[in-house]
Each structure stands twice: as structure tokens, then as C-alpha cells.
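>>> Task: produce atomic coordinates for the following.
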Amino acid sequence: MDTIGTVDAILKRKGTQTHRIAPEATVFEAIELMAGKDVGALLVMEEERLVGIISERDYTRKVALRGKASKQTAVREILSGKIFTAQPETTVEECMRLMTEHRIRHLPVVEGDLVVGIVSIGDLVNWIISSQTATIHQLHSYIAGQYPG
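Modelled structure (predicted):
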């Protein structure tokens, strides 16, 4: 396993499935979908065009804390419209930098104008842990004289 890794490698391991919602849907529908799919964010799409992201954080800060009704509030009213994205060739390190710098937890993965997946901070952490575990195992085997080469 590559210790640096790219988004493409992560998507090959976890899959490219994304969960989407339309901007005219209600926030209640978005939260219900997130709960049903056990995800923390949804891509907000107008047909095949990415227009934003809605997360559990958006809900708590822009609906719950402001006393809005989730069944009467449209997703478009609270979505995060400033979208940061990654490309398949973006490194794990670059994704971590983007997420830390912009205080976000999800990055849509795009090729041109097409959304091809999404990575979360959890995906990146899992990749790094797996990569470190593989490196440690290889080094241990090498030191113990079990290295095939």
C-alpha cells in the first residue's frame, strides 16, 4: 500500500457511491436520508451539477440553533455553497491540508464537471492507519529476515 496515496486509491477501496439530495428538498428529508444512510453529509445536486453540500453541522448551526423548522426549511437555504473538491489524483496529504485549512469534513471528488465520489476525514484517517500498519508490518518482516527479496 502506498503510504502517500491518492483519492483514486481510496475510492477504489471504499467505492464511489454518493448520497445526493435536491436543493428544493426539506432539511428534514436531508437529515432523514443522512440517518438512513449513516453518513454525515449529502451532496446537493441539481440534476448532475454539484451546487453544495449539506452536513449535520449545517443542520445544527443553521436550523436547530436558529429555531427554524426542519420540515419547512429548504436545503438550499442552509447548504454550504462554497465547495472545495478533490480530483482522483489529489494526494491524501493535500486532502488533509484542504480539510484542516477550511474546517470541513467531506470533499466531493470531481473529474471535470462530473462528481465521481466523495471522501471524508474518516476515509483519510483510515487510509493513513492502514498504510502505516502495512509499512510497520513490512519493516518488521524485513528486520526479522522474512523480507522476500
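
>>> where are the low-confidence patches of the protein?
Within the chain, the segments meeting pLDDT under 70 span 1-3, 147-149.

>>> how about the lengthiest helix in it as CSV, C-alpha atoms only?
Assignment by DSSP state H gives helix 121-143 as the longest helix of the chain. What follows is helix 121-143 as a C-alpha-only set of coordinates in CSV (Å, rounded to 0.1, in the frame of the first residue of the first chain):
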residue,chain,number,x,y,z
ILE,A,121,-11.9,12.8,7.0
GLY,A,122,-12.6,9.3,8.3
ASP,A,123,-11.7,7.8,5.0
LEU,A,124,-8.4,9.7,5.0
VAL,A,125,-7.6,8.6,8.6
ASN,A,126,-8.5,5.0,7.8
TRP,A,127,-6.2,5.1,4.8
ILE,A,128,-3.3,6.6,6.8
ILE,A,129,-3.7,4.0,9.6
SER,A,130,-3.9,1.1,7.1
SER,A,131,-0.8,2.5,5.3
GLN,A,132,1.2,2.8,8.5
THR,A,133,0.2,-0.7,9.6
ALA,A,134,1.3,-2.1,6.3
THR,A,135,4.6,-0.2,6.5
ILE,A,136,5.2,-1.4,10.0
HIS,A,137,4.5,-5.0,9.0
GLN,A,138,6.9,-4.7,6.0
LEU,A,139,9.7,-3.2,8.2
HIS,A,140,9.1,-5.9,10.9
SER,A,141,9.4,-8.6,8.3
TYR,A,142,12.5,-7.1,6.9
ILE,A,143,14.2,-6.8,10.3
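
>>> Name the residues of that helix that are buried.
Buried residues in helix 121-143, counted by 16 or more other Cβ atoms under 10 Å: Ile121, Asp123, Leu124, Trp127, Ile128, Ser131. No exception for glycine: its C-beta is placed from N, CA and C like everyone else's.

>>> Equivalent analysis for stretch 76-95, please.
Judged by neighbour count (16+ other Cβ under 10 Å), stretch 76-95 contains these buried residues: Arg76, Ile78, Leu79, Ser80, Ile83, Ala86, Pro88, Thr90, Val92, Glu94, Cys95.

>>> Helices along the protein, start to end?
So, for the chain - with DSSP H - the helices run 7-14, 27-37, 56-59, 75-78, 92-102, 121-143.

>>> Just name whatever secondary elements the third one is in contact with.
Other helices and strands packing on helix 56-59, by 3 or more Cβ pairs under 8 Å, 6 or more residues apart in numbering; DSSP states H and E, are helix 27-37.
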